[in-house]
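S.K.: how would this look folded up:
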Amino acid sequence: MSTDTYLAVFLGSKTSPKWAAWTAMSDAERNAKEMEGMAAWKGWVEKHQGAIQAMGGPLGKTKKVDTNGIADIANEMGAFTVVRAASHEAAAKMFENHPHFAIFPGERVEIMPVLPIPGG
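M.R.: Next comes the predicted model:
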């Protein structure tokens, strides 16, 4: 089974040193970084617009459901994007030095293939 569609998940933790440094900035410093980051992210989108299948966006609060019922939980997932690429490696290369972690306090982007549904 091969695919040319990949899910990129943007991850980071509000307990990380990067987040602590981000929140320690003055409002003016953080606002300037946010503007720089948004401009860089927009540039990334323009560069890869032909590959982006779903821009995705931020993810909200998480609920877990298991045999104990429903509970609020926290995880590191912050946003997602779906891209098309010739290979898993090519998809990953799109996210090298991404503003999510190069400018903003995100920690990483994880890229995984979206596999076809068996028998579907």
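
S.K.: make it CA atoms for all contacts and neighbour counts henceforth
M.R.: Noted.

S.K.: quick check: the gap between the nearest residue to residue 104 once chain neighbours are set aside and residue 71.
M.R.: Nearest residue to residue 104 in three dimensions, chain neighbours excluded: residue 37, at 6.4 Å (Cα to Cα, 6 or more residues apart in numbering). Using Cα to Cα, to the nearest Å, we find residue 37 at a distance of 33 Å from residue 71.

S.K.: quick one, which of the two is more surrounded?
M.R.: residue 37 (19 against 10; other Cα atoms under 10 Å).

S.K.: for the more buried one, give me the pLDDT.
M.R.: On the pLDDT scale, residue 37 is placed at 97.

S.K.: my read is it is in a strand, agree?
M.R.: No - assigned with DSSP: H, G, I helix; E, B strand; the rest coil, residue 37 falls outside any strand and is helix.

S.K.: about what we covered before: got the contact list for the residue nearest to residue 104?
M.R.: 99-100, 103-104 (Cα atoms under 8 Å, 6 or more residues apart in numbering).

S.K.: let me know the closest of these to residue 30.
M.R.: Among those, residue 104 lies closest to residue 30 (Cα to Cα), at 9.5 Å.

S.K.: list the contacts for the closest one?
M.R.: With Cα under 8 Å, 6+ apart, residue 104 has these contacts: 22, 33-34, 37.

S.K.: kindly report the same for residue 92.
M.R.: So residue 92 contacts residue 111 (Cα under 8 Å, 6+ apart).

S.K.: what residues of the helix or strand hosting it count as buried?
M.R.: Residue 92 belongs to helix 88-93 when assigned by DSSP states H and E. Residues of helix 88-93 classed as buried by neighbour count (16 or more other Cα atoms under 10 Å): 88, 91-92.

S.K.: pLDDT of that helix, averaged?
M.R.: Here the average pLDDT along helix 88-93 is 98.

S.K.: circling back to that earlier point, neighbour-wise, which one of the contacts of residue 37 leads?
M.R.: The most crowded member of the contacts of residue 37 is residue 100, carrying 22 neighbours; neighbours defined as other Cα under 10 Å.

S.K.: sounds good, over and out.
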